[in-house]
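In: Attaching a predicted model along with its sequence, questions to come.
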Amino acid sequence: MTIQYRRSPSAVVAPPLAGAMALAKPVFALCVLMSLGGCKEGILAPAGRVGAAEYLILLNSLAIMLAVVIPTLLAAVAFAWWFRASNTRARYRPTWAYSGRLELVVWSYGVTAVSGRTTITRPMGTLSTSAAI
């Protein structure tokens with residue numbers, strides 16, 4: 001037995017799975033909430049001196065990485081905005097090849113971020129090679 005749907009010009013006929021799709025969204029949301037129910041504060045709830053030190057290193061590393069990521073994202077948005085098609089003041093220079101000042105800024109920013117991360121992770125007093133393993 002086949003079901004035939006009649007269409008009238010003034011009526012909108014819902015597909016046969018519309019009820020199931022409407023039920024799928026709340027079921028999916030419930031599954032996500034249930035899966036998050038087992039989460040605990042394991043990583044960001046340190047216990048003891050070592051845990052507290054690792055927590056501090058984690059936060060410092062996050063700050064250094066955000067100091068690199070946020071300006072990069074802002075620069076990407078600024079470049080996209082400045083060099084959009086409707087901006088007549090932006091000049092297209094296909095023959096531009098090198099800028100020493102720009103190279104210095106880009107590399108010094110990266111070197112500073114990496115050396116800052118290294119200094120925070122491993123303080124200067126622990127760099128000696130004569131320490132016992």
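Out: Here it is on my side, so go on.

In: in the protein, which ranges drop under the pLDDT threshold?
Out: 1-20, 38-44, 121-133 (pLDDT under 70).

In: can you give me the helices for it?
Out: 18-35, 48-82, 100-121 (DSSP state H).

In: For residue 88, find the nearest of these.
Out: helix 48-82 (11.6 Å; Cβ to Cβ). Every residue, glycine included, has its C-beta placed from N, CA and C.

In: what's the closest one packed up against?
Out: helix 100-121 (3 or more Cβ pairs under 8 Å, 6 or more residues apart in numbering; DSSP states H and E).

In: tell me the angle the helix it packs on makes with helix 48-82.
Out: Inter-element angle recorded for helix 100-121 and helix 48-82: 160 degrees (by axes from the mean of the first three to the mean of the last three Cα atoms, to 10 degrees).

In: related to what we said a few turns ago, need the helices of the chain in CSV with mean neighbour count and distance to residue 88, can you?
Out: Shown next, in CSV, are the helices of the chain (neighbours: other Cβ atoms under 10 Å; distance: least, Cβ to Cβ, whole Å):
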stretch, mean neighbour count, distance to residue 88
helix 18-35, 10, 46
helix 48-82, 12, 12
helix 100-121, 11, 24
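
In: Any chance of a markdown table for those helices, columns distance to residue 90?
Out: Shown next, in a markdown table, are the helices of the chain (distance: least, Cβ to Cβ, whole Å):
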| stretch | distance to residue 90 |
| --- | --- |
| helix 18-35 | 44 |
| helix 48-82 | 5 |
| helix 100-121 | 17 |
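
In: which residues does residue 113 contact?
Out: Residues in contact with residue 113 (Cβ atoms under 8 Å, 6 or more residues apart in numbering) are 64, 65, 67, 68.

In: I'd guessed the last one sits against residue 106; true?
Out: No - using Cβ atoms under 8 Å, residue 68 makes no contact with residue 106, being 11.4 Å away.

In: from memory residue 120 sits against residue 61, does it?
Out: Yes - at 6.8 Å, residue 120 counts as touching residue 61 under the criterion of Cβ under 8 Å.
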